[in-house]
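**Student:** how would this look folded up:
(2 chains)
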Protein chains: 2
Amino acid sequence: MRIALDAMGTDQAPASEVAGAKAAVDADPDLEVVLVGDEAVVGPEMERLGVSDRVRLVHAPDRITSNDAPASALRRKPGSSIAVGLTLHKEGGADAFVSAGSTGAVMAGSLFILRPLAGVDRPTVGTLLPTAKGPTLMLDAGANIECKAQHLVQFAQLGGIYMQDLQDLENPRIGLLNVGSEPTKGPEEIQEAYRLLEASHLNFVGNVEGRDIIHHACDVLVCDGFAGNILLKFYESVAGFLIDHLRSRLNQGGLGSVDLEEAVRVLDYQEYGGAPLLGVNGVSIICHGQSPPRAIQNALGVAAQAVRNGTLEHLTRELDSGAESEA
Amino acid sequence: MRIALDAMGTDQAPASEVAGAKAAVDADPDLEVVLVGDEAVVGPEMERLGVSDRVRLVHAPDRITSNDAPASALRRKPGSSIAVGLTLHKEGGADAFVSAGSTGAVMAGSLFILRPLAGVDRPTVGTLLPTAKGPTLMLDAGANIECKAQHLVQFAQLGGIYMQDLQDLENPRIGLLNVGSEPTKGPEEIQEAYRLLEASHLNFVGNVEGRDIIHHACDVLVCDGFAGNILLKFYESVAGFLIDHLRSRLNQGGLGSVDLEEAVRVLDYQEYGGAPLLGVNGVSIICHGQSPPRAIQNALGVAAQAVRNGTLEHLTRELDSGAESEA
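**Tutor:** As a prediction, the model looks like this:
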């Protein structure tokens, strides 16, 4: 089990990456991590932290930043950590790829280098939203701004298999983000997706409204990337704001000892370790650019679990059987 | 100053309505409230609470519930509190109308009875979202699921005037809900709305992302009713969930005395008193179906302020000048 980790992804690179890799291999004796990045900065950090010999380094001289246009940066910088890491995965030198770099560049690189799976029109980024009773995989989280009904149905297929394998759910509940529970609510493409999902073999539980999400109304929440992006960014910011606000109020009241971090762990994204890119021919996990070592460690754990469970094979099989039942 | 209040709107009707009306007239010596509802239930409640003689009753025998289809219910039940109250406003017997009844029925009734303002294609429901630094008026909040660019621009005009008058803002900042800050982000109709808003005389501050809302990036947030509905319902439910969750955690830690209600008042919708229906020829305010008396009182206060400030005249003038500058 060997995972390629972009060592130049986070804002604190390569410190978060090297520390996260060290923690991950220390916790999992069967795991190897290949750090992909500039040896001049990654090497000294590995030495400083004294990593296990199951953490190795592959040199990649270039770095794609969030200021680069994703697609052209991949062409202009073939030596970038994202391009080198994905190629390593593609050619079998690693079983998966994890990066906290530019989401657009990881997405574009995964499409160009790993290629989409047969039967997938639009690979999609999923994000695990913390809810009152467990995580909900929301997809698309921003990669595909406008979607047709069949794209939404493919998201449901991809997300269902992912949650089966990664969260050990037998029959994940698929919900469709909408403004009401009735099948006739919302824009035409969502009404059509409702009909297609109802006719499918998926465990479709119907429309899910904004107010239902936090109560864990479904395991997989399907939406276009416009709604997904806005919901995700809003959620992260509201949780962060409330924690800061409450901390300041409670401190004023002399209650500085209250462990708010613990109290609001239910909303902690770091626990979930990265957003899977689903529908490409490989295992590609995208992390937040501000990921601390624990988030990197968790993302490596998620990637390892996806490889061990054969998630890619399950996805391929599901898409094949979907194609057959249509034929 | 006389406001018609649907006495049959809330789930607790007419108790919330009568108590809210009593509190409102007690606080404002120039205010009269006309309760519109079934005299057999509203009369005794008025007597029980001992309301001022500035609270009167107009009988309306019928009630539209959330199970009724809005448009047909208005036709089938001409004696409904919504139809009677709006007609009273239309004919000059009241300066405004406030209801916590079916949003769809108040919307449909306002369109049929008050009629849209000249120059408005789509009247819209706005909602005040609590943020870190004050309220943001989000519109559309769910009345218009799919919108063209010119509808979004009209929402910006209507919302700008409303915030000027009701929140005393000189030059409200208009933001466009989108997935990135660049003008080329998002669906085509939003890109077109960006260009139209930039060319307008409005104080357009550009695209606002999901993460910016809580930090009060704008005073008026323009979006279609699909995104608005989902965001609003999600926000309400997350705030409620977090408060419950924290209360239970803090109680476990023996901190039951922490006044969480006070700490999270920043997110309290009741403070803002109702959602204005903008773009009809009248003042129509919609309240939450579970409004307690304080929310009803605040909604009556908002309606009174809109009347005193001449908001309807301002809207008419703004739309006229918009039409002239296009001609």
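**Student:** which residue, other than its chain neighbours, is closest to A:Ser200?
**Tutor:** Nearest in space to A:Ser200, with sequence neighbours left out and distances taken as CB to CB, 6 or more residues apart in numbering or on different chains, is A:Val153 at 6.8 Å. Heads up, the C-betas are built off the backbone N, CA and C, glycines and all.
**Student:** that should have said A:Asn309, apologies.
**Tutor:** Among residues not flanking A:Asn309 along the chain, A:Asp165 sits closest, at 4.2 Å (CB to CB, 6+ apart).
**Student:** please name the residues that touch the one you found.
**Tutor:** By CB atoms under 8 Å, 6 or more residues apart in numbering or on different chains, the contact set of A:Asp165 is A:305-306, A:309-311, A:314.
**Student:** and A:Gln290, by the same measure?
**Tutor:** A:Gln290 makes contact with A:10-12, according to CB under 8 Å, 6+ apart.
**Student:** all the strands of the stretch 201-327 of chain A, residue numbers only.
**Tutor:** With DSSP state E, counting those that start in this stretch, the ranges of strands along the stretch 201-327 of chain A come out as A:204-208, A:220-222, A:275-278, A:284-286.
**Student:** just those: most buried one?
**Tutor:** Among the strands of the stretch 201-327 of chain A, judged by mean count of other CB atoms under 10 Å in any protein chain shown, the one packed with the most neighbours on average is strand A:220-222 (a mean of 31).
**Student:** what does it contact?
**Tutor:** Residues from elsewhere that reach strand A:220-222 (CB under 8 Å, 6+ apart): A:129, A:136-139, A:152, A:155-156, A:159-160, A:163, A:172-177, A:193, A:197, A:208, A:213.
**Student:** how does it look with 6 Å?
**Tutor:** Applying CB atoms under 6 Å, 6 or more residues apart in numbering or on different chains, the external contacts of strand A:220-222 come out as A:136-138, A:152, A:155-156, A:159-160, A:163, A:172, A:174-177.
**Student:** who wins for most neighbours among those?
**Tutor:** Ranked by neighbour count (other CB atoms under 10 Å in any protein chain shown), the contacts of strand A:220-222 have A:Phe155 at the top, with 33 neighbours.
**Student:** circling back to that earlier point, helix/strand/coil for the residue nearest to A:Asn309?
**Tutor:** Assigned with DSSP: H, G, I helix; E, B strand; the rest coil, A:Asp165 falls in the helix class.
**Student:** same check on A:Gly159?
**Tutor:** The three-state assignment at A:Gly159 reads helix, by three-state DSSP.
**Student:** I figured it hits A:Leu139, correct?
**Tutor:** Yes - with contact defined as CB atoms under 6 Å, A:Gly159 counts as touching A:Leu139 (5.0 Å).
**Student:** name the residues contacting each of those two.
**Tutor:** Shared contacts of A:Gly159 and A:Leu139 (CB under 6 Å, 6+ apart): A:Gly126.
**Student:** average model confidence for the strand or helix carrying the residue nearest to A:Ser200?
**Tutor:** Taking DSSP states H and E as the definition, A:Val153 sits inside helix A:149-166. Helix A:149-166 shows a mean pLDDT of 96.
**Student:** immediately after it, which helix or strand?
**Tutor:** Moving toward the C-terminus from helix A:149-166, the first helix or strand encountered (DSSP H and E) is strand A:174-177.
**Student:** who does that following strand pair up with?
**Tutor:** Each strand paired with strand A:174-177, and its direction, by DSSP bridges: strand A:204-208 (parallel), strand A:220-222 (parallel).
**Student:** in contact with A:Ile174, which residues?
**Tutor:** By CB under 6 Å, 6+ apart, the contact set of A:Ile174 is A:156, A:160, A:202-204, A:220.
**Student:** near chain B, which residues of chain A show up?
**Tutor:** Residues of chain A lying close to chain B (CB under 6 Å from any CB of the partner chain) are A:132, A:146, A:179, A:187, A:209-211, A:214, A:226, A:229-230, A:233-234, A:237-238, A:241-242, A:246, A:249, A:263.
**Student:** for burial, what's the neighbour tally of the closest residue to chain B within the stretch 51-200 of chain A?
**Tutor:** The minimum distance from the stretch 51-200 of chain A to chain B, using CB to the nearest CB, falls at A:Val179 (4.3 Å). A count of nearby residues for A:Val179, using other CB under 10 Å, gives 21.
**Student:** likewise the one 4 residues further on?
**Tutor:** A:Pro183 is flanked by 15 other residues according to other CB under 10 Å.
**Student:** how far away is it from A:Leu176?
**Tutor:** Look at A:Pro183 and A:Leu176: by CB to CB, to the nearest Å, they are 10 Å apart.
**Student:** what is in contact with those two at once?
**Tutor:** A:Tyr194.
**Student:** give me the most central residue, chain A.
**Tutor:** Taking CA atoms, centre = their mean, the centroid of chain A lies closest to A:Ala275, which sits 0.8 Å from it.
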